[in-house]
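S.K.: here is a sequence together with a model predicted from it:
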Amino acid sequence: MRKTFPQISKFNHPNRDYNSLYIPTVLLPPTKEDEFLAKEIIELYSCILRKQTTGEWSFIDNFKRKEYLRCLIEKDVKSLSKLLRNFFITDISYGLVSPSVEEFNDQNLDIILADLDATEEFAPFPKINDISSSKQIGNPFGLDNSESVILPDSPRHFYFASQLLNLSTQSGKSGILEIGGGYGGVISMLRKLKCNSPYINIDLPETGLICYYYLKKLGIRVEFLTDFVDDFKSNTCYIIPNYMLKLFNYDSMGVVFNSNSLSEMTEETIIDYFSFIQRDIKPDYIYHQNSNFVLFPESVRHIEIISDNFPINLNIYEMIYKMISPFHGGSGRYRIYLYKKIL
């Protein structure tokens, strides 16, 4: 077994003295819109099937998102609206933003600046505001940009969005399906890039509801599905609870994408996902970034399956490339893979 892995080095960025970090010190009061969305989210939650999570997410639900889950179960609109208004700096976002606000420190200034350089090289953006987030939505933390913030994972999200836009353009089918879309960082960047493809986010329902809130606040057209729909419309993001994955027709999905979460699932879950992707979705491209090194081999909580071992049928999909991720997250153990369906 490998004991080390090649990775992107950490260093003091030349522009660090001209930039600063922003970490909110005050909770923003919820607006009427936040209260309305909290009521809507509680109503949606009452329609979903609640399932026990495993591994890392079991820890997160039991120790980090406990208050969030309580609000959903007890229909506490007031407390939920406060959490949503400030979700980036509360435990509601633990596991969705890397690093979390409690792990965020001065070293992250250099990392964000370096990740911005990587994005500028591999996915050029015309203005820094293209990857910035409003300080008024979720109360975010990150690199200070006056009225906005560059979140720690925004450079990576913009890079993936630009790649997905290119792949969906090359595919004969315009739709994009993401497994584990988190709070919606990638889809928000795609909409900034004027991508109007139908977008599906398959995720844990409790996480999907956070994504629903975030995209609604951004003014992105989004639907959280609790029942069957016949087709997926353009310029719309559909959030589908993971247990409903196999209920829909995905003929319009040209790209299946995942970032960082497949390698944290159980082997059984990974096999099930890839079996369904290759047998039923049949996208033109499978594109993902995942860990290719087991960083916590003795951990019971933090399960990892190395991404070289993902069950992709090479008689159906050929690997176009595998490369070291140019971003610093995950201690540098992540690799980016692109597979194309063999005609």
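M.R.: Thanks, I have the structure now. All values derive from a computational prediction rather than experimental measurement.
S.K.: start and end of stretch 223-234, how far apart?
M.R.: 12 Å (Cα to Cα, to the nearest Å).
S.K.: what's that stretch in contact with?
M.R.: 44, 47-48, 174-175, 196-198, 200, 208-209, 212, 236-241, 244, 247-249, 252 (Cβ atoms under 8 Å, 6 or more residues apart in numbering). From N, CA and C alone the C-beta is placed, and that goes for glycine too.
S.K.: which ChimeraX command selects the buried ones in the residues you listed?
M.R.: Command for ChimeraX, covering only those of these found buried under the criterion 16 or more other Cβ atoms under 10 Å:
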select :44,48,174,175,197,198,200,208,209,212,237,238,239,240,241,244,248,252
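S.K.: now, the contacts of stretch 223-234 that are in strands?
M.R.: Those of these mapping onto strands are 175, 200, 237, 238, 239, 240, 241, per DSSP state E.
S.K.: just those now: which is nearest residue 155?
M.R.: Within the ones in strands among the contacts of stretch 223-234, proximity to residue 155 (Cβ to Cβ) peaks at residue 237, which comes in at 21.2 Å.
S.K.: from residue 175, how far out is the closest one?
M.R.: Distance of residue 237 to residue 175, given as Cβ to Cβ, to the nearest Å: 11 Å.
S.K.: can I get stretch 124-136 in PDB? Just the C-alpha atoms.
M.R.: C-alpha atoms of stretch 124-136 as PDB (Å, rounded to 0.1, in the frame of the first residue of the first chain):
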ATOM      1  CA  PRO A 124     -10.200  31.800 -17.000                       C
ATOM      2  CA  PHE A 125     -12.800  34.100 -15.500                       C
ATOM      3  CA  PRO A 126     -13.300  37.700 -16.800                       C
ATOM      4  CA  LYS A 127     -14.000  39.300 -13.400                       C
ATOM      5  CA  ILE A 128     -13.300  38.300  -9.800                       C
ATOM      6  CA  ASN A 129     -17.000  38.900  -9.000                       C
ATOM      7  CA  ASP A 130     -17.800  35.900 -11.100                       C
ATOM      8  CA  ILE A 131     -16.700  33.600  -8.300                       C
ATOM      9  CA  SER A 132     -17.700  35.800  -5.400                       C
ATOM     10  CA  SER A 133     -20.700  35.300  -3.000                       C
ATOM     11  CA  SER A 134     -22.800  38.000  -1.500                       C
ATOM     12  CA  LYS A 135     -22.200  38.600   2.200                       C
ATOM     13  CA  GLN A 136     -26.000  38.800   2.600                       C
END
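S.K.: measure residue 100 to residue 65 for me?
M.R.: Spatial separation of residue 100 from residue 65 under the definition Cβ to Cβ is 12 Å.
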